[in-house]
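**Q** I would like the atomic coordinates for the input below:
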Amino acid sequence: MVRFGEELLSAYETKEAIDPLRDQIPNMSLAEAYAIQEYQLHKQQSTGRVLAGRKVGLTSLAMQQQLGVDEPDFGYFFKDMVYGPDAEIATEQFISPKVEPEFGFVLKSELRGPNVTREEALEAIEAVYAAIEIIDSRIKNWDIKLVDTVADNASCGAIAVGSTPLDVTPAELADIQASLLINGEVKGSGTGEAVMGDPIAPLVWLANTLGNEGVALGAGQLILPGSFCGAAPVVAGESATADFGDLGSLTIKFV
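**A** Numbers count the residues shown, from 1 in each chain. All right, here's what the predicted structure looks like:
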């Protein structure tokens, strides 16, 4: 697994995507995919990079259909991958970036599975922010199945998050609507219900899944529970907006 972890880490630097791992590892398992992801996490942390939070991916039917999978996955991101409102983000740091509108949960207390309940997850959320995930694939041509994207850190590229919390309570998130705009043109939209039926459900799933491995979600971490709609590609010169209507919006620019 070390070899493939190193190849994926190298792809960040060279911007040369690699062949799908499922074609290189016979009968590749999900456990092997997460082992490759974890290798990269520890290797990157050893260089001093600081974990900022976690993301849950493939939580919407739209994204599952888009990528041909039927279950969620998770990945991680570091503080140096997190941008604020109106950030100008260099596209050259990615291979083939796409964007998704999401909620961003900041935790006020630790969540340690494997028996976290929905009520405990709700209580742990300090604030909810507008967020955009920039997804990217170190796998050639986005030719991914679940094991490929899991090994590739759930296709995480970077995160943008608003500076002001949305004026909502976590209990009402399923009814909130958001749209994804590229250069002001709507590319997709959905309600929080599109995120596993309840945006709190991915947080519970993540806490309990990591809890089975002895890992907790820490106070102060940022958690992205998944996209409202399918991802849209972006190139230099374009802007991306996660529009939450009267609640506000978040816009970033690609250069």
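**Q** Please pull up the helix or strand immediately following the worst-scoring helix or strand of the chain on mean pLDDT.
**A** Among the helices and strands of the chain, helix 61-67 carries the lowest confidence by mean pLDDT, DSSP states H and E, at a mean of 70. Under the assignment DSSP states H and E, the closest C-terminal helix or strand after helix 61-67 is strand 73-78.
**Q** backbone phi and psi for I223, please?
**A** The phi/psi pair for I223 (degrees, to the nearest 10) reads phi -120, psi 130.
**Q** measure it to V106 for me?
**A** Distance of I223 to V106, given as CB to CB, to the nearest Å: 8 Å. Heads up, the C-betas are built off the backbone N, CA and C, glycines and all.
**Q** Show me where the stretch 51-200 of the chain has its helices.
**A** Assigned by DSSP state H, counting those that start in this stretch, the helices in the stretch 51-200 of the chain fall at 61-67, 118-124, 146-151, 200-211.
**Q** got those helices as CSV, with distance to E13 and mean neighbour count columns?
**A** CSV is the format used below for those (distance: least, CB to CB, whole Å; neighbours: other CB atoms under 10 Å):
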stretch, distance to E13, mean neighbour count
helix 61-67, 25, 18
helix 118-124, 36, 17
helix 146-151, 17, 26
helix 200-211, 28, 22
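**Q** of all the ones you listed, which lies closest to D73?
**A** Across the helices of the stretch 51-200 of the chain, D73 has its closest neighbour in helix 146-151 (4.9 Å, CB to CB).
**Q** how about the CA coordinates for the closest one, as PDB?
**A** Taking C-alpha atoms only, helix 146-151 is exported to PDB below (Å, rounded to 0.1, in the frame of the first residue of the first chain):
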ATOM      1  CA  LEU A 146     -15.400   3.800  -4.500                       C
ATOM      2  CA  VAL A 147     -12.000   2.300  -3.800                       C
ATOM      3  CA  ASP A 148     -10.200   4.700  -6.100                       C
ATOM      4  CA  THR A 149     -11.700   7.900  -4.500                       C
ATOM      5  CA  VAL A 150     -11.300   6.600  -1.000                       C
ATOM      6  CA  ALA A 151      -7.600   5.900  -1.500                       C
END
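**Q** what about the stretch 51-200 of the chain, any weak spots by pLDDT?
**A** 62-63, 66-67 (pLDDT under 70).
**Q** quick one, what contacts the closest residue in space to G104 that isn't next to it in sequence?
**A** Leaving out its chain neighbours, the residue that sits closest to G104 by CB to CB, 6 or more residues apart in numbering is A131, at 3.5 Å. Applying CB atoms under 8 Å, 6 or more residues apart in numbering, we find A131 in contact with 101-104, 159-162, 224, 242, 250.
**Q** In terms of helices and strands, where is the residue nearest to P101 when sequence neighbours are not counted?
**A** Spatial nearest neighbour of P101, excluding adjacent residues (CB to CB, 6+ apart): A242 at 3.6 Å. Taking DSSP H and E as the criterion, the element that holds A242 is strand 239-243.
**Q** That strand pairs with which strands?
**A** Sheet pairing of strand 239-243 (DSSP bridges) gives strand 177-182 (antiparallel), strand 249-254 (antiparallel).
**Q** what does that strand contact?
**A** For strand 239-243, using CB under 8 Å, 6+ apart, the contacting residues are 99, 101-102, 130-132, 178-184, 232, 234, 249-254.
**Q** Contacts only, for the residue most central in space within the chain.
**A** Nearest residue to the geometric centre of the chain (CA atoms, centre = their mean): K55, 3.8 Å. Residues near K55 by CB under 8 Å, 6+ apart: 74-77, 133, 154, 156, 159, 223-224, 226.
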